[in-house]
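> what follows is a protein structure lacking sequence information:
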């Protein structure tokens, strides 16, 4: 997995475009956006959305960064506790 672009939404949620196509050849290049919102306890968790194409992900990324859309608008899903990936501050 490669992180291609990072940003911060107006509500301070950190997001990034990821490319998993090198690991999983059936996935499109740069088709995933990962987000790291906080829960009601102030802890960050991972939510993600896979798009039909890298272009669709890039468009959604811009809308999320500008505040024109929210994670709920795109139906982001959270990882199950057993599969969760901890937030890394170096983002």
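Nice, I can see it. None of these values were measured; they are calculated from a predicted model.
> what segments of the protein are strands?
Along the chain, counting by DSSP state E, strands occupy 2-8, 14-19, 32-36, 47-50, 77-78.
> between the first one and strand 14-19, how big is the angle?
The reference is to strand 2-8. Angle of strand 2-8 versus strand 14-19, following axes from the mean of the first three to the mean of the last three C-alpha atoms, to 10 degrees, is 160 degrees.
> out of the strands of the chain, which is the most enclosed?
Highest mean neighbour count of the strands of the chain: strand 32-36, a mean of 21 (counted as mean count of other C-beta atoms under 10 Å). All C-beta spots, glycine's among them, are computed from the backbone N, C-alpha and C.
> and it, what does it pack onto?
strand 14-19, strand 47-50, helix 54-66 (3 or more C-beta pairs under 8 Å, 6 or more residues apart in numbering; DSSP states H and E).
> relative to its centre, which residue of this protein is most distant?
Checked against the mean C-alpha position of the chain, the extreme residue using C-alpha atoms, centre = their mean is residue 41, at a distance of 20.4 Å.
> return the distance of it relative to residue 13.
16 Å (C-beta to C-beta, to the nearest Å).
> OK, contacts around the residue nearest the centre of the chain?
Geometric centre of the chain, nearest residue: residue 34, 1.6 Å, by C-alpha atoms, centre = their mean. Counting by C-beta atoms under 8 Å, 6 or more residues apart in numbering, residue 34 makes contact with 15, 16, 18, 46, 47, 48.
> I'd guessed residue 44 sits against residue 35; true?
No. Checked against C-beta atoms under 8 Å, the pair residue 44 and residue 35 is beyond contact range at 9.7 Å.
> quick check: neighbours shared by the two?
Overlap of the contact sets of residue 44 and residue 35 (by C-beta under 8 Å, 6+ apart) consists of residue 14.
> show residues contacting the one helix or strand in the chain whose mean pLDDT sits lowest.
The helix or strand of the chain with the lowest confidence, counting by mean pLDDT, DSSP states H and E, is strand 77-78 at a mean of 78. Residues outside strand 77-78 that contact it (C-beta under 8 Å, 6+ apart): 45, 46, 47, 48, 49, 84.
> please redo it, this time with the cut-off set to 6 Å
With C-beta atoms under 6 Å, 6 or more residues apart in numbering as the test, strand 77-78 has contacts from residue 47.
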